[in-house]
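S.K.: need coordinates for the following:
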Amino acid sequence: MNDLAPLLTPEGRALLDEVRDTDPAQELAVATRLRREHPAELVSAALGQARLRQRAAVKFGAEDAGRMFFTPNGVEQSTRASVAAYRARRLADLGVNSVADLCCGIGGDAIALARAGIRVLAVDRDPLTAAAARANAEALGLADLVEVREADVTEVDTTGYDAVFADPARRGGRGRIFDPEAYSPPLSWAVSAARRAPRAAALKVAPGIPHEAVPEDAEAEWISDGGDVKEAVLWFGTAPGAVRATLLPGPRTLLSRGLPDPAVRPPGRYLYEPDGAVIRAHLVSEVADRVGGGLLDATIAYVTADALHPTPYATAYEITDHLPFNVKKLKALLRERGVGTLTVKKRGSAVEPEELRKKVKPQGPRSATVFLTRVAGAPAMLVGHPV
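M.R.: Below is the predicted model:
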């Protein structure tokens, strides 16, 4: 599929409606029937778009995804709608009225910005991607607020816009790119563009960005949605040097207070597993302080405490057993407890969860969680259950 134009015609739109809910197992039969009345290329394009829309529903919701237009890369690389909406609200709260959205992709962020009442210039150099962004703005009734331009973002004049949002490409021919200077365009260029913005700027970067790569004049925010870390954002014009973890839905935000690393201590009655955004933001010490706990091991992000202090920034487990790593002992313990449903979590262990399940062969009506980790440097197993 290298041209959206046929799908935007009355015939193409009607065909998209007809194949909307096509079961993949029935695709061949549906294609054979439709090709009797429509060009084969159009039928293939419509069925391909239907597949992409079904995949995109996870990110955009079924209603929006059912009206939008996607490319394969666009589905994979676009921002989840909940995250884009949160970021757009932050910009609106900063008084931003217009944004230059650089590397806009299929327009997910531009849509969120426009829905927040912000005027958007959306730029992408790929013709098909830009066409999809334009079609999406029109399909969702946002064309009056979103101008889509096919251009090289490094050559676009952002003068006249309150803010800049940039989402440099972080995938190449060999997969994900981890070096920020290997982004397209490089992070250093995006930072320069952000610093020129008169009111604010936001740069979407990989969650694994090294903290030392964050500019001193930027605020760094790690965002998770439903417990899954989605992205990091470098903010300019907000709070230079600040570090935060934001959890969606909510939002709930944990700010760094510059606390020292927690002390290592013996396992207590409770284990706290911090949210991934908290870990990425290096804010485990903030969680430990909130629950009055310490670390099981200096290098592992598991917090232990004697008392239960519920917090949205970590999942709490009550620990019933602590034993050195020994598969036979664990198997005997689970058999004694009648555990048939076993959740295996690990940090600092080379053992694969599925491998362990096969060895212990859990059977019984009860459930449990086992943590494969280290306690003060020694391999250990902690058994318990969520609170």
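S.K.: looks like Asp124 contacts Ala110 (just checking).
M.R.: No - at 9.9 Å, Asp124 and Ala110 do not qualify as touching, with contact defined as CB atoms under 8 Å. (Each C-beta comes from the backbone N, C-alpha and C, glycine too.)
S.K.: which neighbours do the two share?
M.R.: 104, 133, 148 (CB atoms under 8 Å, 6 or more residues apart in numbering).
S.K.: residues in contact with the one helix or strand the last one maps to: which ones?
M.R.: The reference is to Val148. Using DSSP states H and E, Val148 falls within strand 146-150. Strand 146-150 is contacted by residues 104, 107, 110-111, 114, 120-127, 130, 133-134, 137, 156 when judged by CB under 8 Å, 6+ apart.
S.K.: quick one: secondary structure of the closest residue to Ile279 other than its chain neighbours?
M.R.: With CB to CB, 6 or more residues apart in numbering as the criterion, Ile279 has its nearest non-adjacent residue at 4.8 Å, and that residue is Ala301. Following DSSP: H, G, I helix; E, B strand; the rest coil, Ala301 is assigned to coil.
S.K.: list the contacts for Ala301?
M.R.: 273-274, 279, 284, 295, 347.
S.K.: okay, now the unreliable bits of this structure?
M.R.: Along the chain, segments meeting pLDDT under 70 span 1-2, 172-174.
S.K.: so which residue is dead centre in it?
M.R.: Computing the C-alpha centroid of the chain and ranking residues by CA atoms, centre = their mean puts Lys230 first, at 1.6 Å.
S.K.: ok, that residue - contacts?
M.R.: So Lys230 contacts 79-80, 83, 207, 223-224 (CB under 8 Å, 6+ apart).
S.K.: let me have those residues in a markdown table, adding neighbour count, secondary structure and distance to Arg257 as columns.
M.R.: Converted to a markdown table, the contacts of Lys230 look like this (neighbours: other CB atoms under 10 Å; DSSP: H, G, I helix; E, B strand; the rest coil; distance: CB to CB, whole Å):
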| residue | neighbour count | secondary structure | distance to Arg257 |
| --- | --- | --- | --- |
| Thr79 | 22 | coil | 29 |
| Arg80 | 20 | coil | 29 |
| Val83 | 23 | helix | 25 |
| Pro207 | 17 | coil | 22 |
| Ile223 | 29 | strand | 20 |
| Ser224 | 24 | strand | 20 |
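S.K.: and the strands in the stretch 101-250 of the chain?
M.R.: For the stretch 101-250 of the chain, applying DSSP state E, counting those that start in this stretch gives strands covering 119-124, 146-150, 163-166, 171-172, 175-176, 200-205, 219-225, 228-236, 243-248.
S.K.: quick check: Leu323 vs Asp109, distance?
M.R.: From Leu323 across to Asp109, the span is 48 Å (CB to CB, to the nearest Å).
S.K.: my bad, should have said Arg13
M.R.: Note on Arg13: its distance to Asp109, by CB to CB, is 25 Å.
S.K.: so which of the two has more stuff around it?
M.R.: More crowded of Arg13 and Asp109, by other CB atoms under 10 Å: Asp109, with 29 against 13.
S.K.: can you show me the helices along the stretch 201-350 of the chain?
M.R.: In the stretch 201-350 of the chain, the helices defined using DSSP state H, counting those that start in this stretch lie at 276-280, 284-291, 327-337.
S.K.: and the last one, which residues are buried?
M.R.: Just to be clear, that refers to helix 327-337. Under the neighbour-count criterion of 16 or more other CB atoms under 10 Å, helix 327-337 has 330, 333-334, 337 buried.
S.K.: where does the nearest residue to Ile106 once chain neighbours are set aside sit: helix, strand or coil?
M.R.: Closest residue to Ile106 apart from its sequence neighbours, by CB to CB, 6+ apart: Gly74 at 3.5 Å. Applying three-state DSSP to Gly74 yields a three-state assignment of helix.
S.K.: neighbours around Gly74, how many?
M.R.: Count around Gly74 with other CB under 10 Å applied: 23.
S.K.: go on, the one 3 residues further on?
M.R.: Residues near Gln77, counting by other CB under 10 Å, number 17.
S.K.: please apply the same query to Pro386.
M.R.: If you count neighbours by other CB under 10 Å, Pro386 ends up with 11.
S.K.: from Tyr272, how far out is it?
M.R.: Taken as CB to CB, the span from Pro386 to Tyr272 is 11 Å.
S.K.: shared neighbours of the two, anything?
M.R.: Counting by CB under 8 Å, 6+ apart, the shared contacts of Pro386 and Tyr272 are 315-317.
S.K.: in strands only, show me these.
M.R.: Among the shared contacts of Pro386 and Tyr272, DSSP state E puts 315-317 in strands.
S.K.: quick one: closest of the strands of the stretch 101-250 of the chain to Glu354.
M.R.: Closest of the strands of the stretch 101-250 of the chain to Glu354 is strand 228-236, at 20.3 Å (criterion: CB to CB).
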